[in-house]
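Enquirer: I'll drop the sequence and a predicted model, then ask my questions.
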Amino acid sequence: MRNAVRHVFIVVLSLFLGAHFLRWENAGLALTCAAFPLLLVFRRRWCAYILSAFLLAGAARWFWLTDLLAAPRAARGLPWGRMALILGGIGTACVLGAVLLHTARARARFNRGLKTAWAGTAAFGLVFVTCGLLQARLHNPIPLLAERFWPEYGWYWLHVYAPPLLRPSPAALQPGYGWGWLQVFALSVYAAFVAEWLVAARSTAKLRGRLWLMFSIVFFAQLIVGLLGVDKLLMTGHLHLPVPALILAGPLYRGEGLFMLFLFLSTVLIVGPAWCSWLCYVGAWDGFAASGRRPRNARHFPAVRAGILVLVLATAFTLRWLGVGSVEANVLGAAFGIVGVGVMAAVSRRLGYMVHCTSYCPIGLVSDVVGRINPFRVRIGEGCDECRACTGSCRYAALNIEHIRRRRPGITCTLCGDCLAACKKQQIGYRFPELTAEQARTVFLVLVAVLHAVFLGVARI
């Protein structure tokens, strides 16, 4: 009974905050506020933390609104006490609601995922802030798909079916006022669950592969449907080939279009070379091709990949210098991508390790080298008996016997983490300055879960 009363109390407070944003012509935030109480269903500890933060943010909003409206009225000698009492009372009720989520009875209800609670909370908060800033600030192009479809479908539904008092004004049709906020909320909840699953899993190999492949499928499905006529699924309409090498070669040829390069370098700075094992939209194919058998004689060819990188950049510069048209340049780019797919199908699949990513893709070399700026590392403990169990789990040719004896993976290590569970003596782990191995692993997995969710929401051609 007490749980029911507490939940109704939280729902009412959320609806009050939603009504406030609806009054301020932001129906998207109003609907998102109404959606927050859905977290009560999951009974996970991070849900209680997120709801508490939401209610405290709502309290801050009510107290700010009290000061904003009461001070001018008091300065003009107008009545203000009743209004301040009502608004301040709602703000105080929000604080009380946040406190009620942490009583003994509430902790008994939100008793799932106790060890991963802060991971889910951090993932939710980081995604909500990141995507919320994109939703609120970047309107050209509009980054979130839900926001693109809202003016055409969502507002039509409200105009036809909603009561007159709830029908939006023309001001509410502007970008940043629609379904995008609900998509931000959904992505944040998804990121929290992914972070929780990854941190709780003893082995992340299968889950990582599924998440990675799912992102690639969503990415290319949006591209295909967009090319078939639903242009809202495309980011700008200025298409470029989805070949990773063009992240570098494209801007060099065009002299513009630095978004993907900026996104790539930002990711490398945050999680190092993990771009190649968690986020690359093409690398998932190589991982899928190599997953059918145990790696055989895994090795990489650094000179070959460095030569390919030089060749790609030189070709892009030469094409621009000669004034070669975009059609010819795209044919060359497509040919390079098709050869890469052939390497996956013919070589990676046969050898059981990712030959495309370790020896063909030039962006992988940049990720490996530039990623060393990031302090995350995988290290092998001194208690290793060189059983080489980890070698069979590494599809990036980064754990040969030479690497094991040096107690650190080779340069092609992408921090995928597949080797951690393979070591029966638990001698392999993530490292980060001033953190224990377990803390470093948790922080790293939270960051890749956040980037995965953000990419799922905004990564499009």
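Expert: Sure, I can see it.
Enquirer: give me the three-state assignment for Val378.
Expert: strand (DSSP: H, G, I helix; E, B strand; the rest coil).
Enquirer: sorry, that was for Ala398
Expert: Quick answer, by three-state DSSP: Ala398 is coil.
Enquirer: so Leu248 makes contact with Ile363?
Expert: Yes - assessed by C-beta atoms under 8 Å, Leu248 is found in contact with Ile363 at 6.4 Å. C-betas here are computed from N, CA, C, even on glycine.
Enquirer: the two - which one has more neighbours?
Expert: Ile363 (25 against 19; other C-beta atoms under 10 Å).
Enquirer: doesn't that one fall inside a strand?
Expert: No - counting by three-state DSSP, Ile363 is not part of a strand but helix.
Enquirer: excluding chain neighbours, what is closest to it?
Expert: In this structure, Ile363 finds its nearest non-sequential neighbour in Pro244, 4.2 Å apart by C-beta to C-beta, 6 or more residues apart in numbering.
Enquirer: now do the SS call for that neighbour.
Expert: With three-state DSSP as the criterion, Pro244 reads coil.
Enquirer: what count of nearby residues applies to it?
Expert: Quick note: Pro244 (other C-beta under 10 Å) scores 27 neighbours.
Enquirer: which residues touch it?
Expert: Counting by C-beta atoms under 8 Å, 6 or more residues apart in numbering, Pro244 touches Cys280, Tyr281, Val282, Gly283, Cys361, Ile363, Gly364.
Enquirer: got the contact list for Ser203?
Expert: Per C-beta under 8 Å, 6+ apart, neighbours of Ser203: Asp418, Leu420, Ala421.
Enquirer: export these to JSON lines and tack on pLDDT, secondary structure and neighbour count?
Expert: Formatted as JSON lines, the contacts of Ser203 follow (pLDDT from 0 to 100; DSSP: H, G, I helix; E, B strand; the rest coil; neighbours: other C-beta atoms under 10 Å):
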{"residue": "Asp418", "pLDDT": "90", "secondary structure": "helix", "neighbour count": "22"}
{"residue": "Leu420", "pLDDT": "90", "secondary structure": "helix", "neighbour count": "21"}
{"residue": "Ala421", "pLDDT": "88", "secondary structure": "helix", "neighbour count": "17"}
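Enquirer: quick one: the residue nearest to Ile363 from His356, how far?
Expert: Distance, Pro244 to His356, by C-beta to C-beta, to the nearest Å: 10 Å.
Enquirer: one more: Pro242?
Expert: 15 Å.
Enquirer: helix, strand, or coil at the residue of the chain most remote from its centre?
Expert: Centroid-distance maximum for the chain: Gly77 at 50.9 Å, with C-alpha atoms, centre = their mean. Classification of Gly77 using three-state DSSP returns coil.
Enquirer: hmm, back to that, can you name the two of the contacts of Pro244 that sit furthest apart?
Expert: Tyr281 and Gly364 (13.2 Å; C-beta to C-beta).
Enquirer: the more surrounded of these two?
Expert: Counted by other C-beta under 10 Å, Tyr281 and Gly364 do not tie: Gly364 has more neighbours, with 30 against 20.
Enquirer: show the contacting residues for the closest residue to Ala205 other than its chain neighbours.
Expert: Among residues not flanking Ala205 along the chain, Asp418 sits closest, at 4.2 Å (C-beta to C-beta, 6+ apart). By C-beta under 8 Å, 6+ apart, Asp418 lies in contact with Ser203, Thr204, Ala205, Arg208, Ser393, Cys394, Arg395.
Enquirer: over to Pro242?
Expert: Pro242 neighbours (C-beta under 8 Å, 6+ apart): Phe219, Phe220, Leu223, Tyr281, Val282, Gly337, Ile461.
Enquirer: Val454: which of those residues is nearest?
Expert: Phe219 (12.9 Å).
Enquirer: what comes up buried for the strand or helix carrying the closest one?
Expert: Take DSSP states H and E as the rule and Phe219 turns out to sit in helix 205-227. The neighbour-count check on helix 205-227 (16 or more other C-beta atoms under 10 Å) flags 205, 208-209, 211-212, 215-216, 218-220, 222-223, 226 as buried.
Enquirer: let's see it as PDB, backbone CA atoms only.
Expert: C-alpha atoms of helix 205-227 as PDB (Å, rounded to 0.1, in the frame of the first residue of the first chain):
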ATOM      1  CA  ALA A 205      32.200 -11.100 -26.200                       C
ATOM      2  CA  LYS A 206      28.700 -12.300 -27.400                       C
ATOM      3  CA  LEU A 207      26.900  -9.300 -26.100                       C
ATOM      4  CA  ARG A 208      29.400  -6.900 -27.700                       C
ATOM      5  CA  GLY A 209      29.100  -8.700 -31.000                       C
ATOM      6  CA  ARG A 210      25.300  -8.500 -31.000                       C
ATOM      7  CA  LEU A 211      25.200  -4.900 -30.000                       C
ATOM      8  CA  TRP A 212      27.800  -4.000 -32.600                       C
ATOM      9  CA  LEU A 213      26.100  -5.900 -35.400                       C
ATOM     10  CA  MET A 214      22.700  -4.500 -34.400                       C
ATOM     11  CA  PHE A 215      24.100  -0.900 -34.700                       C
ATOM     12  CA  SER A 216      25.600  -1.700 -38.200                       C
ATOM     13  CA  ILE A 217      22.200  -3.100 -39.300                       C
ATOM     14  CA  VAL A 218      20.300  -0.100 -38.100                       C
ATOM     15  CA  PHE A 219      22.900   2.200 -39.700                       C
ATOM     16  CA  PHE A 220      22.800   0.600 -43.200                       C
ATOM     17  CA  ALA A 221      19.000   0.000 -43.000                       C
ATOM     18  CA  GLN A 222      18.500   3.800 -42.500                       C
ATOM     19  CA  LEU A 223      20.800   4.400 -45.400                       C
ATOM     20  CA  ILE A 224      19.000   2.000 -47.800                       C
ATOM     21  CA  VAL A 225      15.500   3.200 -46.900                       C
ATOM     22  CA  GLY A 226      16.700   6.800 -47.100                       C
ATOM     23  CA  LEU A 227      18.000   6.200 -50.600                       C
END
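Enquirer: which strands and helices sit next to it?
Expert: Packing partners of helix 205-227 (3 or more C-beta pairs under 8 Å, 6 or more residues apart in numbering; DSSP states H and E): helix 180-200, helix 283-290, helix 418-422, helix 437-458.
Enquirer: quick one: buried residues of the second one?
Expert: Read that as helix 283-290. For helix 283-290, by 16+ other C-beta under 10 Å, it's Gly283, Ala284, Trp285, Asp286, Gly287, Phe288, Ala289, Ala290.
Enquirer: TSV please, covering those and showing pLDDT and distance to Leu39.
Expert: Formatted as TSV, the buried residues of helix 283-290 follow (pLDDT from 0 to 100; distance: C-beta to C-beta, whole Å):
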residue	pLDDT	distance to Leu39
Gly283	91	33
Ala284	92	30
Trp285	93	35
Asp286	93	37
Gly287	91	33
Phe288	91	34
Ala289	91	39
Ala290	90	39
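Enquirer: let's have those residues in TSV, adding distance to Val347.
Expert: Output for the buried residues of helix 283-290, formatted as TSV (distance: C-beta to C-beta, whole Å):
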residue	distance to Val347
Gly283	15
Ala284	17
Trp285	13
Asp286	10
Gly287	14
Phe288	14
Ala289	9
Ala290	9
